[in-house]
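Peer 1: Here is my input; please provide its structure:
(chains A and B)
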Amino acid sequence: MSAHFSETRTVRGACPQDCPDTCAFLYHVEDGKLVEVTGDPEHPMTRGGLCVKLKNFAEHHYNPDRLLHPMKRVGPKGSGQFQKISWDDALAEIKARWTEIIAEHGAEAIMPHAYLGHQGTLNGLTAGDAFFNRLGSTVAEKTYCESGSSTAWIMTVGPTGGLDVESLEFSKYIIVWGMNMLNTNLHAWPFIVKAKANGAKIVVIDPVKTRTAKQADWHIRIKPGTDGALALGMMHVIIREGLVDKDYVEKYTIGYDQLSLRASEFPLQRVSQITGIPVQDILTLSREYATTQPSAIRQGVAVERSPGGGDAIRAITCLPALTGAWRHVGGGTVEMPIWEFPFKFDFMCRPDWIKPGTRVINELDLGAALTGQMPLDPPVKSLFVYNSNPVSQAPSAGQIVEGLKRDDLFTVVSELFITDTAKYADILLPATMQAEQYDLMVTWGHLYVMLNQPAIQAPGECVPNIELFRRLARTMGFDDEYWTLSLDEMLMRSYDWSSPQMQGITLEKLKQKGYMRLNVGMPDVRKPHAEGNFKTPSGKCEFAASAAAGGNFVVSVWRSGYEAMQPATFVDPVPNYIPPVETEGAPSAGKFPLNLVSPKPHAYLNTQYGNEPTQQRRQGEQIIVMHPVDAAARKIENGNYVRVFNDRGAFEARAEISEDVSAGLMMTNVGHWPGLNRSGTAVNSTTPPRHSNLGQAGTFSDSQVNVQKV
Amino acid sequence: MPHVVTENCRHCRFTDCVATCPVACFHLGDDHMYIDPDVCIDCSACIPACPVRAIVEVIDLPPEQEFWIEINARESKRYPVIRSKLAPLDGAEARRRELGF
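Peer 2: Modelled structure (predicted):
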């Protein structure tokens, strides 16, 4: 080793990923190089540890495959042949093509496509909203995840944070419903471990015996998409056996009689038949849940990914009001506490710039929109993708690829790497990674405001998304003040800093501390709905939802702040059970008799890190978990490569034969890069392009397939 | 990939690892800690916490050390889970110095 005196420093940051934990980072920098990223030991959730996904985060910044300069396509679409160009040339090309498209078809022929590839206020979900609203493009509805839950939650209890996951420590009965927390909400798990040490019972409701299910006291296997029936069945028992907290119901809820009538339609035998859960287990669960207080339900996003997912979330969200669990510290339910943060979406998204009557296209319908299957006038002539990777993450991926190959489609992709989607771009634009940019993170799993400060210089010509859209705005001739504000001015206007929950929190303090807790009460005393105080129009938990009168809607944050042109399809005021479409007895069940669910991977964050060799070793190749009975019927042995297929498409995977899934059900992970798989495809080649009953959520778990040895 | 506790833990058992583990996967042996591979979620929070660098992720184990995988899997099932830090074994400090940490 040579004698070398390096300059080392530590910079405070926050994790950029679409995960409820939003960890507090410490960036360790030596001589301008990011050498390590660790978790802040002081942060009450992060507690000094990150997760398997983020372990090589420092090296990730220096991945040799990173996109460092704007590029222009020089080969056929999808060939991956690109040539470096200047930012000026890239912007000029975009301007020329868009000007032409707008003149011929109008600006609605341009469609943005974004999601939560980054989770910041400046660079995240809404980073391009103001620009595209100003441009007059189609409004893209971004409902990959949480939108169905958002609509359901707001209809029932309003925009409240609900139970703090840190309060789970004080619970005596915890139901983890449709979430593999050890993979996707790791930093909330220690509070459950503490509760368990204090005698709490931990119940996991999941079709698959996941890592989390294996750690529980009781794993209840449920058929995918039948959660609503179980919640209504629990209500049936709770009401019939007089376990309702009548005083709470009378004071703090509306619609009890209607809910009671609905629950009466779900006797035990029927619920058992729908869900596959034995009658005695439903009885025990209902009784224990109602009588062991404080009881808590940690709801996972998986519940929304079925045709009746929205109503299932509504039904589950009604449960703690029925039993009065909200009265207690550690009682109630948590879905997504993001609603405690005082965002100013009108400033962030600028819906005032949307021309009345502008159309909306849902991002999960991208394949249909690009191929003409969805009648559109004007057609989509240009697609602008950032913070997202639809070829991997959207349903019916084969149809999306078909659309992206269209010669008359002008596709621009801003990315970190040449992903399966970016391969089809006409113009590629290089984006920064988290250690290279400044942002206030949007968190949806805890109650801390988190600031990410840049630790290193951006490589090459990479720019943060906010700078990308400022460059585009200048290029398109927009001269509004909005594009000239400093980053801190943007943040000051993006939140209501004078609101009660932000009292005492300032950007200056955040720059020192990195994070600060919202003023919403500490976890050991917080009881947000002990006396009602729900954020609904009635101020009560709405078993019969007043918001149902307007029909189905997507919460405006998922659609660039736009309130008009909602789906407005019928919504029953009282939650009901809406069965899956692709299930036993369906017409397709003959050809495709197996149900397939595709939860998130362990070592990747959706597709992020799926191209890192070390992470690939940790995750392993694409596997499909199948029951011994289903495997034997097809002469498939452990380790065989198999083709999983239906009428929508196919992918290949290595069979893992296990009783972690029930007969008739298979499990694989989304997030493997299709182009790195054996077949060049991944699970979303087979998933259906339909929507849940609320919030236009995807129905990724409502998918029938068959499987054969290759 | 799961993590394993290796030779350096023996006679030390500082147990700092336990306080950082989010899933309570450490088991307390007589003079050694063991990780239950079915519970470990591969986060590596414990690695920097160990004063004698005894904890290694399986993918980083040299071939001649791979026997630790089986030992951890077996011994973790025999011994009780431990959730909070204990006093180190007598002589732990001396052992740490001997190991060069």
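Peer 1: What is the burial count for B:Arg53?
Peer 2: 14 (other C-beta atoms under 10 Å in any protein chain shown). C-betas here are computed from N, CA, C, even on glycine.
Peer 1: How is the closest residue to it other than its chain neighbours assigned, secondary-structure-wise?
Peer 2: Counting by C-beta to C-beta, 6 or more residues apart in numbering or on different chains, B:Arg53 lies nearest to B:Asn8, which is 6.1 Å off, once chain neighbours are set aside. Classification of B:Asn8 using DSSP: H, G, I helix; E, B strand; the rest coil returns helix.
Peer 1: what's the distance between B:Asn8 and chain A?
Peer 2: Shown here: B:Asn8 relative to chain A, a distance of 20 Å by C-beta to the nearest C-beta, to the nearest Å.
Peer 1: Give me the pLDDT for that residue.
Peer 2: We have a pLDDT of 93 for B:Asn8.
Peer 1: for it, what are its contacts?
Peer 2: Shown in contact with B:Asn8 (C-beta atoms under 8 Å, 6 or more residues apart in numbering or on different chains): B:50, B:52-54, B:99.
Peer 1: could you flag which of those residues are buried?
Peer 2: Neighbour counting with 16 or more other C-beta atoms under 10 Å in any protein chain shown marks B:50, B:52, B:54 as buried within those.
Peer 1: List just the nearest of those residues to A:Gly514.
Peer 2: Nearest to A:Gly514 out of the buried ones among the contacts of B:Asn8 is B:Cys50 (C-beta to C-beta; 25.5 Å).
Peer 1: The closest one - nearest residue in space that isn't next to it in sequence?
Peer 2: According to C-beta to C-beta, 6+ apart, the nearest residue to B:Cys50 is B:Cys17 (5.4 Å).
Peer 1: do the same with B:Leu99
Peer 2: B:Val52 (5.3 Å).
Peer 1: Kindly indicate which of the contacts of B:Asn8 lies nearest chain A.
Peer 2: B:Cys50 (12.9 Å; C-beta to the nearest C-beta).
Peer 1: thinking the closest one is in contact with B:Ala19, fair?
Peer 2: No: between B:Cys50 and B:Ala19 there is no contact under C-beta atoms under 8 Å: 11.2 Å.
Peer 1: could the contacts of B:Asn8 go into JSON lines alongside pLDDT and secondary structure?
Peer 2: What follows is the contacts of B:Asn8, written out as JSON lines (pLDDT from 0 to 100; DSSP: H, G, I helix; E, B strand; the rest coil):
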{"residue": "B:Cys50", "pLDDT": "93", "secondary structure": "coil"}
{"residue": "B:Val52", "pLDDT": "93", "secondary structure": "coil"}
{"residue": "B:Arg53", "pLDDT": "94", "secondary structure": "coil"}
{"residue": "B:Ala54", "pLDDT": "96", "secondary structure": "coil"}
{"residue": "B:Leu99", "pLDDT": "89", "secondary structure": "helix"}
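Peer 1: now the strands for chain B?
Peer 2: B:3-5, B:26-28, B:33-35, B:55-57 (DSSP state E).
Peer 1: Save those as TSV, and put in mean pLDDT, mean neighbour count and distance to A:Trp189 too.
Peer 2: Below are the strands of chain B laid out as TSV (pLDDT from 0 to 100; neighbours: other C-beta atoms under 10 Å in any protein chain shown; distance: least, C-beta to C-beta, whole Å):
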stretch	mean pLDDT	mean neighbour count	distance to A:Trp189
strand B:3-5	97	27	17
strand B:26-28	96	22	15
strand B:33-35	96	25	16
strand B:55-57	96	20	19
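Peer 1: Of those, which is nearest chain A?
Peer 2: Across those, closest to chain A is strand B:55-57 (C-beta to the nearest C-beta), at 8.4 Å.
Peer 1: who does that closest one touch, helix- and strand-wise?
Peer 2: strand B:3-5, helix B:46-49 (3 or more C-beta pairs under 8 Å, 6 or more residues apart in numbering or on different chains; DSSP states H and E).
Peer 1: contacting residues around it?
Peer 2: Applying C-beta under 8 Å, 6+ apart, the external contacts of strand B:55-57 come out as B:1-6, B:9, B:17, B:35, B:42, B:44, B:46-47, B:65, B:68.
Peer 1: again, only this time at 10 Å
Peer 2: Outside strand B:55-57, the residues within contact range by C-beta atoms under 10 Å, 6 or more residues apart in numbering or on different chains are A:52, A:55, A:614, A:618, B:1-6, B:8-9, B:17, B:26, B:33, B:35, B:40, B:42-50, B:62, B:65, B:68.
Peer 1: Contact partners for A:Pro356?
Peer 2: Contacts of A:Pro356 by C-beta under 10 Å, 6+ apart are A:564-565.
Peer 1: Partner strands of the helix or strand where A:Val37 lies and their direction?
Peer 2: Assigned by DSSP states H and E, A:Val37 belongs to strand A:33-39. As defined by DSSP bridges, the strand partners of strand A:33-39 come to strand A:24-30 (antiparallel).
Peer 1: Same question for stretch A:275-285: list its buried residues.
Peer 2: By 16+ other C-beta under 10 Å, the buried positions in stretch A:275-285 come out as A:275-277, A:282-283, A:285.
Peer 1: typo on my end, stretch A:660-668
Peer 2: So for stretch A:660-668, counting by 16+ other C-beta under 10 Å, buried means A:660-662, A:664-668.
Peer 1: and chain B, which residues reach chain A?
Peer 2: B:1, B:19-25, B:38-49, B:57-60, B:81, B:83-84 (C-beta under 10 Å from any C-beta of the partner chain).
Peer 1: about what we covered before: what residues sit buried inside the strand holding A:Val37?
Peer 2: Along strand A:33-39, these residues count as buried under the neighbour rule (16+ other C-beta under 10 Å): A:34, A:37-39.
Peer 1: got the CA coordinates for it in CSV?
Peer 2: Output of strand A:33-39 as CSV, limited to C-alpha atoms (Å, rounded to 0.1, in the frame of the first residue of the first chain):
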residue,chain,number,x,y,z
LYS,A,33,-15.4,9.0,-4.6
LEU,A,34,-18.3,7.3,-3.0
VAL,A,35,-16.8,4.4,-1.1
GLU,A,36,-19.7,3.1,1.0
VAL,A,37,-23.3,3.9,1.9
THR,A,38,-24.4,2.8,5.3
GLY,A,39,-27.6,3.2,7.3
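Peer 1: Just give me the closest of the buried residues of strand A:33-39 to A:Ile427.
Peer 2: A:Leu34 (28.3 Å).
Peer 1: List the residues that contact A:Val391.
Peer 2: A:78, A:366-367, A:385, A:397-398, A:400-401, A:404, A:419-424, A:607, A:673-675, A:681-682, A:684-685.
Peer 1: Recalculate using a threshold of 7 Å.
Peer 2: A:397, A:400-401, A:420-421, A:674 (C-beta atoms under 7 Å, 6 or more residues apart in numbering or on different chains).
Peer 1: Before I go, just wanted to say thanks for your time.
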